[in-house]
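*Asks:* Sequence first, then the predicted structure:
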Amino acid sequence: MFALLVLRNAFRHKLRTTLTIAGIVVAITAFGLLRTIVEAWYAGVDATSSTRLVTRNAISLVFPLPLTYAQKLRQVDGVAAVSWANWFGGVYITERNFFPQFGIDADTYLDMYPEFVIKPEERKAFLVDRNGAIAGRKLANEYGWKIGDRIPIRGTIFPGTWTFTLRAIYDGVDAKTDETQFYFHWKLLNETIKQRYPKRGDQVGVYVVEIRDPTRAAEISQSIDATFRNSLAETLTETEKAFQLGFVSMTEAILVAVQAVSFVVIVIIMAVMANTMAMTARERYAEYATMKALGFGNDYVAWLIFAESLGIALLGGALGIALTFPLAHAFAGAVGTLFPVFNVSARTLAMQVGAAALVGVVAAGVPAWRAARVRIVDGLRAVA
Amino acid sequence: MKVPLAYIARNLSARKLTTILTAGGMALVVYVFTTVLMLSAGLEKTMVATGRHDNVIVIRRASQTEVQSSVDRSSAAIIESLPEIAAGTDGRKLLSREPVVLINLPKRASGKPANVVIRGVTPAGLELRPQVGIVEGRMFTPGTSEIVAGRSIAEGFQRAGLGESLHFAQRDWRVVGVFDAGHSGFDSEVWGDAEQMMQAFRRQTFSAVVFRLVDPSRFDAVKSTLEADPRLTVEAKRESRFYAEQSEGLARFIDYLGVSISVIFSIGAVIGAMITMYASVASRTGEIGTLRALGFSRGSILAAFLIESLLLGLVGGLAGIFAASLMQALSISTTNFQTFAEVAFSFALTPRIVVDALLFALAMGFVGGFLPAARAARMKIVDALRAA
């Protein structure tokens, strides 16, 4: 009987209820998308390994480290392997086509990143071709590259146009892996630079250091940095996670704004929903008074309003969650490689459900309290 | 015959809770819309203030930013030989060869590191940027390890305040002054002596060469002379244009994100207005019938409800703009992903933004009110009177 009353009440004003639900759908979907954007920002952090450290120049990333450090790094206790990479920062056709490119010490680097799955024959083809390159699956799809394609990239840090031959395409081991990276041979970069600017040769952007025991990460980082203290190029070593977090924190202001805005949309819809419930309850004071006159308690009337509000909010929330998936998919397609990883997480879904429930409860608060308190005489006399 | 405005406005004040909730929803949307526009306007203002129209910046071709660029000493000498360069107060050419690098510093508030631009300047470099003035302490002494920090760096980063010292490139650099650059991008930089920087960072090349033109209209000629010179691989840009381009990506990102968020949010607010207006129409069916019977036309009824909805939008819009205008007191500091360096800027409220935000609010009111107003206008007099 209670459920039937709630249901009938909820759909008494079909247009109003439909509009309210539509509003909640939009808000919950927008909320879900914004949360997913925030999480996508942290994708690089989630994909890190606890056994990898990154060693860079202590001044900042724009300063390189000498190649000779590789040998010294290998001798540090607890270090299993050392590889290195240089940020290339080139432009593919136009500035809008942004994706990360690195010159890597091919053999050691690929061994250190087991999450990049490459077919053995493609890997071999890349290793033997000094102009060869590897691209992530998502990146290759974005620009329609196939194995054997020649890819011209205009250097911004390293002058000239560099043409690479795509020899391999890697797949991520799971959905968290970044499939938008582009790798080529550090050797090629170094040889070319040495010819043109002898003084800029044999330099490395960052070292990636694999350690045997992740619990010793802090101690090994310290001993690496101690090795190079007071040298011309002092180092800063941190876990891969901390290194990636550093990038995220640089744009933290924007991230905080997106997060704040994602809550604003919930507040907006709360106002809309509260308005709906306030109007609905005001129109029904006479009915509530009648029910009370028939012997129903104040609680019963209040629960009626709560249940109706919660029901509408959760229905809208469910539709909104269902819509989030195709929209997130479309959004990911539209922005291309801007967000390497873009998945709706379980946490986002839980927050969406929570937000919908919160909207329902808060919206019902004042009307339910008023309806419970309305005196039978006043209620019967009330005009909507 | 028109329905009096007082009657329309009274309808809004008759049901206060509903009006507040509906206008409040709209105000929040307008607030988001306005702050985002203010943010990108603030960024633009900062970057435009950074560069001067008659200054020319020369960087290595295709290097995009000063940090990625390198100009060697011989190239710098060739550039200096241009006859179009203005003379400074000391009679020497107004040209500055500057090393520009990034250093990683922890922020005061969070302890998290960000990249800060360190620029090596010469006396000519100071004369080229008259907007820069010391507000605390003094200017660095050339030939020493002294530096001066821009206002937002001194405030925002650890060990960068007056009297403190930064350690980088195997030296301690004492902050002897804090400068204000008139809310330009230089406020987010640290300046020191160019030759000291070159030695400390062991650099053989400068990052950029900046000079003043005698005649600003000669820019195109200077540009083609430099870019056609076979001894040079450089590109020349007006300083104003150069800095505007540096922030284009970030400004566009803020704009896109903000406008799409505002549009999506406005759907929610429009629905709120629609619900309110439908309820307003429904509860006044009898009144509408009476008005029509008194001789008010369908058009007047339509206009009356539309105006009521527009008023709702106006109230929301004004409240939103007011709340957003308070944000002008705040400034924001973030990494510009084009230069990979920290840039501080504030929210700037321009007349254009106020107009845009008001139009946006009125548009929400109009869209939300149109269907309910049309329903009211279509009612038959007899039915409406009978329903009451």
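*Replies:* Everything's here; your move. Residues are numbered from 1 along each chain as shown, chains lettered A, B, ... in the order given.

*Asks:* from memory residue B:92 sits against residue B:122, does it?
*Replies:* No: checked against C-beta atoms under 8 Å, the pair residue B:92 and residue B:122 is beyond contact range at 9.9 Å. The way it works is simple: take the backbone N, C-alpha and C, and place the C-beta from them, glycine included.

*Asks:* if you count what's nearby, which of the two comes out ahead?
*Replies:* Legend: neighbour count by other C-beta atoms under 10 Å in any protein chain shown for residue B:92 and residue B:122, higher for residue B:122 (18 against 14).

*Asks:* how about that one, what does it touch?
*Replies:* Counting by C-beta atoms under 8 Å, 6 or more residues apart in numbering or on different chains, residue B:122 touches B:96-98, B:142, B:193-194.

*Asks:* quick one: it from residue B:153, how far?
*Replies:* Per C-beta to C-beta, to the nearest Å, residue B:122 is found 20 Å from residue B:153.

*Asks:* And residue A:166, by the same measure?
*Replies:* Distance of residue A:166 to residue B:153, given as C-beta to C-beta: 43 Å.

*Asks:* what about those two, which has more around it?
*Replies:* A count of neighbours by other C-beta under 10 Å puts residue B:153 above the other of residue A:166 and residue B:153, at 28 against 24.

*Asks:* Let me see the contact set for the more buried one.
*Replies:* Residue B:153 makes contact with B:105, B:116, B:160, B:187-190, B:342, according to C-beta under 8 Å, 6+ apart.

*Asks:* same thing but 6 Å
*Replies:* Counting by C-beta atoms under 6 Å, 6 or more residues apart in numbering or on different chains, residue B:153 touches B:116, B:160, B:190.

*Asks:* tell me the domain boundaries of chain B?
*Replies:* Chain B breaks down by automatic domain parsing into domains covering B:5-48+B:248-387, B:62-232.

*Asks:* mind putting the ones you listed in JSON lines, mean pLDDT included?
*Replies:* Below are the domains of chain B laid out as JSON lines (pLDDT from 0 to 100):
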{"stretch": "domain B:5-48+B:248-387", "mean pLDDT": "88"}
{"stretch": "domain B:62-232", "mean pLDDT": "91"}
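
*Asks:* In CSV: those domains, plus distance to residue A:219.
*Replies:* Listed next are the domains of chain B as CSV, based on distance: least, C-beta to C-beta, whole Å:
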stretch, distance to residue A:219
domain B:5-48+B:248-387, 30
domain B:62-232, 21
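
*Asks:* Out of these, which gets nearest to residue A:81?
*Replies:* Residue A:81 lies closest, by C-beta to C-beta, to one member of the domains of chain B: domain B:62-232, at 25.9 Å.

*Asks:* What is the end-to-end distance of the closest one?
*Replies:* Terminal residues of domain B:62-232 lie 13 Å apart, using C-alpha to C-alpha, to the nearest Å.

*Asks:* now it, how far from the chain's geometric center?
*Replies:* Centroid separation between domain B:62-232 and its chain, computed with C-alpha atoms, centre = their mean, to the nearest Å, is 23 Å.

*Asks:* same thing with stretch A:38-49?
*Replies:* Using C-alpha atoms, centre = their mean, the offset of stretch A:38-49 from its chain centre is 6 Å.

*Asks:* what residues does the stretch 151-300 of chain A put near chain B?
*Replies:* Counting by C-beta under 6 Å from any C-beta of the partner chain, the residues of the stretch 151-300 of chain A close to chain B are A:156-157, A:246, A:249-251, A:253-254, A:261, A:264-265, A:268-269, A:271-272, A:274-276, A:278-279.

*Asks:* try 8 Å this time
*Replies:* A:154-157, A:159, A:199, A:230, A:232, A:234, A:236, A:246, A:249-254, A:258, A:261, A:264-265, A:267-269, A:271-272, A:274-276, A:278-279 (C-beta under 8 Å from any C-beta of the partner chain).

*Asks:* helices or strands next to whichever strand or helix holds residue A:44 in the packing?
*Replies:* If you go by DSSP states H and E, residue A:44 is part of helix A:43-46. Packing partners of helix A:43-46 (3 or more C-beta pairs under 8 Å, 6 or more residues apart in numbering or on different chains; DSSP states H and E): helix A:240-250.

*Asks:* Give me the buried positions along the very next helix or strand once past the helix it packs on.
*Replies:* Sequence order places helix A:252-283 as the next helix or strand after helix A:240-250, per DSSP H and E. Residues of helix A:252-283 classed as buried: A:252, A:254-255, A:257, A:261-262, A:264-266, A:268-283 (neighbour count, 16 or more other C-beta atoms under 10 Å in any protein chain shown).

*Asks:* Break down the stretch 251-388 of chain B into its strands, ranges please.
*Replies:* Taking DSSP state E, counting those that start in this stretch as the criterion, the stretch 251-388 of chain B contains strands spanning B:331-336, B:341-346.

*Asks:* orientation of the first one relative to helix A:240-250 in degrees?
*Replies:* To tie it back to what came earlier, the one meant is strand B:331-336. Orientation of strand B:331-336 against helix A:240-250 (axes from the mean of the first three to the mean of the last three C-alpha atoms, to 10 degrees) gives an angle of 130 degrees.

*Asks:* List the strands paired with strand B:331-336, with their directions.
*Replies:* Sheet pairing for strand B:331-336, assigned by DSSP bridges, gives strand B:341-346 (antiparallel).

*Asks:* can I get the CA coordinates of stretch A:265-275 in PDB?
*Replies:* Output of stretch A:265-275 as PDB, limited to C-alpha atoms (Å, rounded to 0.1, in the frame of the first residue of the first chain):
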ATOM      1  CA  VAL A 265      26.500  20.200 -10.800                       C
ATOM      2  CA  ILE A 266      25.200  18.100  -8.000                       C
ATOM      3  CA  VAL A 267      24.300  21.200  -6.000                       C
ATOM      4  CA  ILE A 268      22.500  22.600  -9.000                       C
ATOM      5  CA  ILE A 269      20.400  19.500  -9.500                       C
ATOM      6  CA  MET A 270      19.800  19.400  -5.700                       C
ATOM      7  CA  ALA A 271      18.100  22.900  -6.000                       C
ATOM      8  CA  VAL A 272      16.000  21.700  -9.000                       C
ATOM      9  CA  MET A 273      14.900  18.500  -7.200                       C
ATOM     10  CA  ALA A 274      14.200  20.400  -3.900                       C
ATOM     11  CA  ASN A 275      12.100  22.800  -5.900                       C
END
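
*Asks:* Return the nearest residue of the stretch 51-200 of chain A with respect to chain B.
*Replies:* residue A:60 (4.2 Å; C-beta to the nearest C-beta).

*Asks:* does that residue really touch residue B:114, like I thought?
*Replies:* No: using C-beta under 8 Å, residue A:60 makes no contact with residue B:114, being 9.8 Å away.

*Asks:* Within range of chain B, give me the residues from the stretch 1-150 of chain A.
*Replies:* Taking C-beta under 8 Å from any C-beta as the criterion, the stretch 1-150 of chain A approaches chain B at residues A:15-16, A:19-20, A:22-23, A:26-27, A:30, A:34, A:58-63, A:89, A:91, A:95.

*Asks:* hang on, the earlier thing: so residue A:60 and residue B:114 - more neighbours on which side?
*Replies:* Neighbours of residue A:60 and residue B:114, each counted by other C-beta under 10 Å, are more numerous for residue B:114; the result is 25 against 22.
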